[in-house]
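Student: I'd like to go over a predicted model; first the sequence, then the structure.
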Amino acid sequence: MQTSILKRFAGGFTAALLALALTGVPAGAAVINGVAYTFDKAPSTSYPDNDLTKLTDGVRVPPSSTSTGFADFVVGWIQNPADPGTPHPTIDFSLGDVYDLTSVEISYALWPGAGVRAPEEVWVSFSPDGVNFGPAQAYTGFDGSNHPEGFAVFSRLLEIDLTGHTASFVRLDFRQGPGTEWGENRSAWHMLDEVQFTGTVIPEPGVIGLVFGLAAGGLLIWRRRKNG
Ligand SMILES: [Ca+2]
């Protein structure tokens, strides 16, 4: 009986280690559902997000040779050519719980023929309360080049490693590239169609207490049965 419990425990532990080794993702890390978000600046009325659902509905731009229907999938902010430094959309995501984060996958929409290219970088910062955010870290790696098969509209993914960060709120602050000419990473627009976070929920102290309490209770019953 005792050996069988130990074996089962060792088996579970080995499986968790194996999952970590195979995927690089800690066992228990999963896509975070129910994420809500807000913008600091309203998107263009041509590419709005009135219900605040476009970035979390799991739907991305289907690659197409025409732009028909493109606006249904994307949220877009147009740059002011006279002041190309602004506006940069800043988006605050509320994860709904405290998470040990693994990654964020940003899907950015592209329509190179119409000046919709990639951001230059995104500044990522974290908060426990949605008010006080830590220092932002800049991430690059966006690719604003044309689609290899020549589609007019499509989207690309940038996955950012967030391991080591614990937060309930994450801020993404998009930035445009430097220079004076539009290019692959100097877009007339910032357009996004999906943002997905992955992480492991951190149980609240009350829940941890409950789990330990149940485990202790189980041990007590087992001992009583063994001795009885
Ligand atoms: Ca979407």
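Tutor: Thanks, I have the structure now. Numbering: from 1, shown residues only.
Student: switch to C-alpha atoms for all contacts and neighbour counts from now on
Tutor: Fine.
Student: mind giving me the domain ranges of this protein?
Tutor: 1-27, 32-203 (automatic domain parsing).
Student: just so I know, which of those domains lies nearest the ion?
Tutor: Ranking those by distance to the ion, with Cα to the ion as the measure, places domain 32-203 first at 4.0 Å.
Student: Endpoints of that closest one, how far apart?
Tutor: Distance across domain 32-203, first residue to last, is 14 Å (Cα to Cα, to the nearest Å).
Student: For stretch 136-153, give the mean pLDDT please.
Tutor: Per-residue pLDDT values over stretch 136-153 give a mean of 95.
Student: So which bits of that stretch are buried?
Tutor: With burial defined by 16 or more other Cα atoms under 10 Å, the residues of stretch 136-153 counted as buried are 139, 142-144, 146-147, 151-153.
Student: what's in contact with that stretch?
Tutor: 61-67, 70, 109-113, 117-126, 154, 156, 158, 160, 184-185 (Cα atoms under 8 Å, 6 or more residues apart in numbering).
Student: Could you rerun that using 7 Å?
Tutor: When contacts are taken as Cα atoms under 7 Å, 6 or more residues apart in numbering, the neighbours of stretch 136-153 outside the stretch itself are 63-67, 110-113, 117-125, 158, 184-185.
Student: List buried members of these by neighbour count.
Tutor: Among the contacts of stretch 136-153, the ones that count as buried by 16+ other Cα under 10 Å are 63, 110-112, 117-125, 158, 184-185.
Student: For the residue nearest to F154 when sequence neighbours are not counted, give me phi and psi.
Tutor: Distances taken as Cα to Cα, 6 or more residues apart in numbering put P63 closest to F154, at 4.3 Å, once the chain neighbours are dropped. Backbone torsions of P63, given as degrees, to the nearest 10, read phi -60, psi 130.
Student: Spit out the contact partners of P63.
Tutor: Taking Cα under 7 Å, 6+ apart, we find P63 in contact with 151, 153-154.
Student: Over to A188?
Tutor: Residues near A188 by Cα under 7 Å, 6+ apart: 78-79, 115-116.
Student: same thing but 6 Å
Tutor: Shown here is A188, whose contacts under the criterion Cα atoms under 6 Å, 6 or more residues apart in numbering are 78-79, 115.
Student: what do you get for P135?
Tutor: Taking Cα under 6 Å, 6+ apart as the contact definition, P135 lies against S125.
Student: Tell me if stretch 50-63 is near the ion.
Tutor: Yes: using Cα under 5 Å from the ion, stretch 50-63 comes into contact with the ion via 54-55, 57, 59-60.
Student: what would the residues you listed look like in JSON lines with secondary structure, distance to R171 and pLDDT?
Tutor: JSON lines is the format used below for the residues of stretch 50-63 next to the ion (DSSP: H, G, I helix; E, B strand; the rest coil; distance: Cα to Cα, whole Å; pLDDT from 0 to 100):
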{"residue": "K54", "secondary structure": "coil", "distance to R171": "17", "pLDDT": "98"}
{"residue": "L55", "secondary structure": "coil", "distance to R171": "14", "pLDDT": "98"}
{"residue": "D57", "secondary structure": "coil", "distance to R171": "19", "pLDDT": "97"}
{"residue": "V59", "secondary structure": "coil", "distance to R171": "21", "pLDDT": "98"}
{"residue": "R60", "secondary structure": "coil", "distance to R171": "21", "pLDDT": "98"}
